[in-house]
Each structure stands twice: as structure tokens, then as C-alpha cells.
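# Sequence and computational prediction follow.
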Amino acid sequence: MRARVMVIEDERATRDSISFFLAAQGYNVVTAMHGKDALDEIERCEDIGGFISLIILDLRMPVMSGEEFLNRAKKLNLQIPVIVMSGCIEDFCLESDTILKPAAILTKPFKEQQLIETVRDILEN
């Protein structure tokens, strides 16, 4: 069974390219434009028995930021590993006890191979 990876990114070009890279590696990819869309999609996937294996999350997004998503994910006790990505990691507090701890952090821009290796490492462990 192929792992299902969710990409949460508001910039369409970035979301599409990450989705393309992952699909080319054989992953089933689900996308969301922001944190609220993502929470709705996670619930929908669970309702039909299609659980998310990994989330790739941008931090700067409209409607619900990545930080707010991580806060809600912790409150909901989501047991899904998250890769956080941002060009401004230092602007965010990822050490707080109120958020779900990321499994990995990628600083934008990153290379396709770095993304694929990070995804593979997390899903295999």
C-alpha cells in the first residue's frame, strides 16, 4: 500500500511541484491550501478509511497558519508525523509545548532530493 502524504502549502506552484516530486516516487498525494482545509481533508480521509501517513506543512499561510495547524493537531491528538517547511523558520516558535512537534524541518528553498530523503526517512522509521 502506498503511503498517503498531505502537502499543505498556499503557493500553488510550490504545492504542485512538491506533489509532482512525491507522486513520481510512488506516494499518494493529497493537497490543501491552508491548515483549515487540511484538517477538513484529514477528517474526510479518515471517514473513508484513507489515513494520512505524513504531512508536509508550510508555516506562512492565510486562514490558518502552520503554527495554528500544529496547535490544533496537538489538541486533536493527531498521530501523524509532520515535516515543517518555511523560508523564515526563525520567525516561528516550534519549541512550544502547545504545538505538535515536527518530525523534521526543511528551510526553503530546498532541493528535491532533500525532500524525498526526508520523507523516506520518516516513513521508514
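Alright, I've got the coordinates.

# what sits up against the worst-scoring helix or strand of the chain on mean pLDDT?
Least confident helix or strand of the chain, by mean pLDDT, DSSP states H and E, is helix 35-47 with a mean of 82. Applying C-beta atoms under 8 Å, 6 or more residues apart in numbering, the contact partners of helix 35-47 are 4, 6, 8, 30, 32, 51-52, 55, 57, 61, 63-66, 68-69, 72, 76, 78, 80. C-betas here are computed from N, CA, C, even on glycine.

# Name whatever forms a beta bridge with the residue nearest the centre of the chain.
Centroid check for the chain by C-alpha atoms, centre = their mean gives Ile56 as the closest residue, at 2.0 Å. Beta bridges link Ile56 to Val7, Ile83, judged by DSSP bridges.

# Mind listing what's buried along the least confident helix or strand of the chain?
Under the neighbour-count criterion of 16 or more other C-beta atoms under 10 Å, helix 35-47 has 35-39, 41-42 buried.

# So which of the contacts of helix 35-47 sit within strands?
Among those, DSSP state E puts 4, 6, 8, 30, 32, 55, 57 in strands.

# The last one: what's it in contact with?
Going back to what we said before, that points to Leu57. Per C-beta under 8 Å, 6+ apart, neighbours of Leu57: 8, 35, 38, 66, 69-70, 82-85, 102.

# returning to what we had before: could you dump the least confident helix or strand of the chain to PDB, C-alpha only?
The C-alpha trace of helix 35-47 is given here as PDB (Å, rounded to 0.1, in the frame of the first residue of the first chain):
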ATOM      1  CA  GLY A  35      -4.500  24.500   7.800                       C
ATOM      2  CA  LYS A  36      -8.300  24.600   7.900                       C
ATOM      3  CA  ASP A  37      -8.500  22.800   4.500                       C
ATOM      4  CA  ALA A  38      -6.000  20.300   5.800                       C
ATOM      5  CA  LEU A  39      -8.000  19.500   9.000                       C
ATOM      6  CA  ASP A  40     -11.200  19.000   6.900                       C
ATOM      7  CA  GLU A  41      -9.300  16.800   4.400                       C
ATOM      8  CA  ILE A  42      -7.800  14.700   7.200                       C
ATOM      9  CA  GLU A  43     -11.200  14.100   8.700                       C
ATOM     10  CA  ARG A  44     -12.600  13.200   5.200                       C
ATOM     11  CA  CYS A  45      -9.800  10.800   4.500                       C
ATOM     12  CA  GLU A  46     -10.300   9.100   7.900                       C
ATOM     13  CA  ASP A  47     -14.100   8.800   7.200                       C
END
